[in-house]
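missing the sequence, but the structure's below:
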């Protein structure tokens with residue numbers, strides 16, 4: 001895949017520690033964003049552990065016979081086990097966990113998977129679409145018709161996750177393919193961005209006349225202007241060509 005990409009993270013205006021973590025493969029094969037939780041040190045440790053475990057697994061087995069679905073499932077299991085082992089070694093971090101979203105281009109196909117409420121968006125022809133579905137209590141309530149989107153944005157339980165890495169009872173993740181076209185842009189982000197900015201506001205910042213670095217900085221700056229109550233991380237990927 002021929003692409004342009006950049007990433008940026010910021011602690012925001014309230015938090016003293018940045019518990020977000022991201023990784024961009026230098027070859028543009030895969031992209032990872034994670035948002036940790038679980039106390040002053042725990043969240044920071046969880047997001048880094050998960051990101052590094054996923055990165056290591058994808059690097060090691062990229063050319064293996066494993067299918068792309070198997071590769072991502074195994075990578076998330078490895079990340080979960082790494083956090084569980086760290087919890088065992090450091091009981092003071094027993095509550096830590098992390099959300100994670102991964103995009104991977106392999107064998108001519110783009111794949112994504114996620115857990116928690118870090119998101120993947122696709123911008124195509126000025127239309128922004130949320131590709132991931134949040135693993136949260138309010139997302140379930142919206143799907144059931146019990147909450148409207150406006151109610152969900154202000155609900156006191158909007159941060160309650162139904163899934164995250166760092167749990168013994170973690171359910172199997174879903175790995176899905178996504179179609180892409182030259183000119184598409186992908187945004188991976190933590191909820192520090194989406195808590196402050198609506199989808200429409202996010203879309204308004206994805207100006208094709210700006211560099212990716214400028215867009216990333218503008219998104220984070222706008223989230224901070226709206227309050228910056230959480231850590232904010234964005235990874236932008238622009239699709240220039242589809243061939244490997």
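On my side now, so go ahead. This structure is a prediction, so every number in the text was calculated from the model and none was measured. Numbers count the residues shown, from 1 in each chain.

List the contacts of residue 72.
102, 104, 111, 113, 173, 175 (Cβ atoms under 8 Å, 6 or more residues apart in numbering). From N, CA and C alone the C-beta is placed, and that goes for glycine too.

Just list whatever residues bridge to the spatially most central residue of the chain.
The centroid of the chain falls nearest to residue 101 when counting by Cα atoms, centre = their mean (3.3 Å). Bridge pairing for residue 101 (DSSP bridges) gives the partners residue 33, residue 114.

Helix, strand, or coil at residue 27?
coil (DSSP: H, G, I helix; E, B strand; the rest coil).

Look at it and say how many residues are nearby.
By other Cβ atoms under 10 Å, the residues close to residue 27 number 9.

what do you get for the one 4 residues further on?
Burial measure for residue 31: 24 neighbouring residues, criterion other Cβ under 10 Å.

now swap in residue 6 and tell me
17.

That one is in contact with residue 213, isn't it?
Yes: under the criterion of Cβ atoms under 8 Å, residue 6 makes contact with residue 213 at 5.3 Å.

on that earlier part again, so which of the contacts of residue 72 is surrounded by the most neighbours?
Of the contacts of residue 72, with other Cβ under 10 Å as the count, residue 102 tops at 29 neighbours.

just checking, that residue touches residue 113?
Yes: contact status for residue 102 versus residue 113: in contact at 5.5 Å, counting by Cβ under 8 Å.

now the helices for this structure?
Taking DSSP state H as the criterion, the chain carries its helices at 42-61, 68-89, 137-143, 149-154, 191-194, 199-205, 212-225.

so which of those gets nearest residue 161?
Nearest to residue 161 among the helices of the chain is helix 137-143; the distance by Cβ to Cβ comes to 7.9 Å.

quick check, distance from stretch 114-131 to the centre of its chain.
Centroid separation for stretch 114-131 versus its chain: 10 Å, with Cα atoms, centre = their mean, to the nearest Å.

List the buried residues for that stretch?
114, 115, 116, 117, 118, 119, 120, 121, 122, 123, 128, 131 (16 or more other Cβ atoms under 10 Å).

hey, what's in contact with both of residue 102 and residue 113?
Listed as contacting both residue 102 and residue 113 by Cβ under 8 Å, 6+ apart are 72, 76.
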